[in-house]
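Colleague: please find the sequence and the predicted model below.
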Amino acid sequence: MNRYKKSTKILLISLGITLIVIIVMTVLFMVLNHSDTNHSDITFNLDYNGVLTVSGKGKTDDYDHQNNQSPFTEQAKKSIYKVIIKDGISSVGSSFFADCPNLISVSLPDSVTEIGNSAFENCYALTEINIPDNVSVIGDHAFAYCRTLGKIHIPDKVTEISDYTFYNCVSLSQLTIPDSVTAIGNEAFRKCSSLTELNIPDSVAKTGDYTFSECSGIKTLTVPKSLTEISPDCFSMCDRLETVVISNGVVKIGNFAFSKCTKLEKISIPDSVAHIGIWAFYNCDNLTDITLPSSITDIDSYAFYGCTSIETLTIPESVRHIGEYAFSGWDFSQTLFLPNSESQWDSQWYSGSRATLKRESKNN
């Protein structure tokens with residue numbers, strides 16, 4: 001009887017071991033069976049610790065994230081914890097590692113020069129990745145929703161940060177934008193709420209819509225002289241932003257540029273600025289320190305809507321146009337000093353406002 005029990009126990013253990021081997025081999029097969037079909041010399045190997053090694057030469061394939069294309073099955077994605085790409089691979093293809101929810105660490109070789117669109121999108125657990133200095137292209141959505149990624153190195157060869165590249169990287173706290181970058185795309189850093197310092201180099205000539213919107217950790221900001229236009233919603237909803245310095249060279253403050261920056265107290269506008277867009281300072285209800293320079297010609301509709309803490313504001317003689325409801329929400333305790341001419345102002349420019357209007361100069 002004891003011998004029977006012993007035999008049964010040995011049999012069960014053997015079956016258990018066999019089952020584990022089958023599961024491991026199945027996972028390996030799932031990865032290896034979805035190799036880079038256009039490049040037979042690029043191979044994958046996933047070990048039992050969840051370490052995926054990619055070896056070979058040349059570029060990996062691109063996949064369409066929107067159509068759920070991937071080199072791996074859904075089960076294989078969940079089994080990957082670490083990625084090691086060997087020297088010889090020159091690119092991480094579009095959506096190649098997208099939706100790997102347990103991926104923590106990525107090691108890239110110096111041979112990699114390009115990171116494709118959505119390459120690591122939705123890798124929620126990714127905390128560590130080295131981007132080699134040879135990388136010159138980082139595609140749109142490349143690291144979107146990498147919510148635990150705390151720091152990133154952008155190489156000097158990168159000239160453009162694409163749309164949504166670091167969108168919703170809520171743990172990103174260490175960032176250096178190199179002087180090589182000339183353009184930053186739409187929502188590239190939107191919702192990077194752990195960023196407390198932001199240095200935009202003088203090389204940047206263009207930003208997109210919502211580029212730094214909802215970066216709620218930033219308190220001070222300098223807009224470089226190279227950026228002639230602050231793009232729409234560029235810094236909107238940065239609700240801890242207190243002080244802004246706009247460098248001489250900026251010509252336009254775009255639509256909604258600082259809207260809902262509810263802690264903004266001081267902004268320095270240089271003589272180069274000619275145009276303030278619609279809703280530019282909407283609901284900046286703590287803004288107290290602002291002076292409009294004599295270069296201003298256009299103040300668009302709702303530009304200062306809800307700026308209820310400004311005690312006095314002088315509209316310079318240079319202003320040719322003010323749009324409707326530009327100062328809506330102002331009350332009797334606030335004073336607007338007007339120029340001598342209002343010839344091209346919208347008939348509703350003062351609508352919704354109770355501010356006191358004075359014609360004489362504030363200094364008289």
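Modeller: Nice, thanks for sending it over.
Colleague: tell me which helix or strand of this protein sits lowest on mean pLDDT?
Modeller: Sorting the helices and strands of the chain by mean pLDDT, DSSP states H and E puts helix 2-32 at the bottom, at a mean of 53.
Colleague: how far is the next helix or strand after that helix from where the chain is centred?
Modeller: If you walk from helix 2-32 toward the C-terminus, the next helix or strand you reach (DSSP states H and E) is strand 43-46. Computed by C-alpha atoms, centre = their mean, to the nearest Å, the chain-centroid distance of strand 43-46 equals 32 Å.
Colleague: neighbours of residue 317, how many?
Modeller: Other residues near residue 317 come to 12 when the count uses other C-beta atoms under 10 Å. In this view, the C-beta of every residue, glycine as well, is placed from N, C-alpha and C.
Colleague: pretty sure it is touching residue 340, no?
Modeller: Yes - counting by C-beta atoms under 8 Å, residue 317 does reach residue 340; the two are 6.7 Å apart.
Colleague: which stretches of this structure aren't confidently modelled?
Modeller: 1-40, 360-364 (pLDDT under 70).
Colleague: try 80 this time
Modeller: Low-confidence segments of the chain (pLDDT under 80): 1-40, 343, 360-364.
Colleague: could you chop it up by domain?
Modeller: What automatic domain parsing lists as the domains of the chain is 1-149, 219-364.
Colleague: could you export those domains as TSV, including distance to residue 162?
Modeller: TSV is the format used below for the domains of the chain (distance: least, C-beta to C-beta, whole Å):
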stretch	distance to residue 162
domain 1-149	4
domain 219-364	15
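Colleague: what's the closest of those domains to residue 184?
Modeller: domain 219-364 (9.2 Å; C-beta to C-beta).
Colleague: now do stretch 186-206: distance from first to last residue.
Modeller: 10 Å (C-alpha to C-alpha, to the nearest Å).
Colleague: likewise stretch 227-234?
Modeller: 12 Å.
Colleague: buried residues in stretch 59-77, which are they?
Modeller: Buried residues in stretch 59-77, defined by neighbour count with 16 or more other C-beta atoms under 10 Å: 59-63, 65, 70-72, 76-77.
Colleague: can you map out the helices along this protein?
Modeller: Using DSSP state H, the helices assigned to the chain run over residues 2-32, 74-79.
Colleague: and residue 330, what are its phi and psi?
Modeller: Note on residue 330: backbone dihedrals following degrees, to the nearest 10 are phi -70, psi 150.
Colleague: for the residue nearest to it when sequence neighbours are not counted, what are its contacts?
Modeller: Of all residues not flanking residue 330 in the chain, residue 355 sits nearest, at 3.8 Å (C-beta to C-beta, 6 or more residues apart in numbering). For residue 355, the contacting residues are 327, 330-332, 334-336, by C-beta atoms under 8 Å, 6 or more residues apart in numbering.
Colleague: between these, which sits nearest residue 186?
Modeller: residue 327 (29.9 Å).
Colleague: what is the burial count for the residue nearest to that closest one when sequence neighbours are not counted?
Modeller: Closest residue in space to residue 327, ignoring its immediate chain neighbours: residue 353 at 4.4 Å, by C-beta to C-beta, 6+ apart. Per other C-beta under 10 Å, the neighbour tally for residue 353 reads 19.
Colleague: got the contact list for residue 353?
Modeller: Contacts of residue 353 by C-beta under 8 Å, 6+ apart are 325, 327-330, 336.
Colleague: any idea how far it is from residue 264?
Modeller: Computed as C-beta to C-beta, to the nearest Å, the residue 353 to residue 264 distance reads 20 Å.
Colleague: residue 169 too?
Modeller: To residue 264, residue 169 is 24 Å away according to C-beta to C-beta.
Colleague: one more: residue 190?
Modeller: For residue 190 relative to residue 264 (C-beta to C-beta), the value is 18 Å.
Colleague: cool, residue 321 as well?
Modeller: Residue 321 is 24 Å from residue 264, by C-beta to C-beta.
Colleague: which non-adjacent residue is nearest residue 101?
Modeller: residue 124 (5.4 Å).
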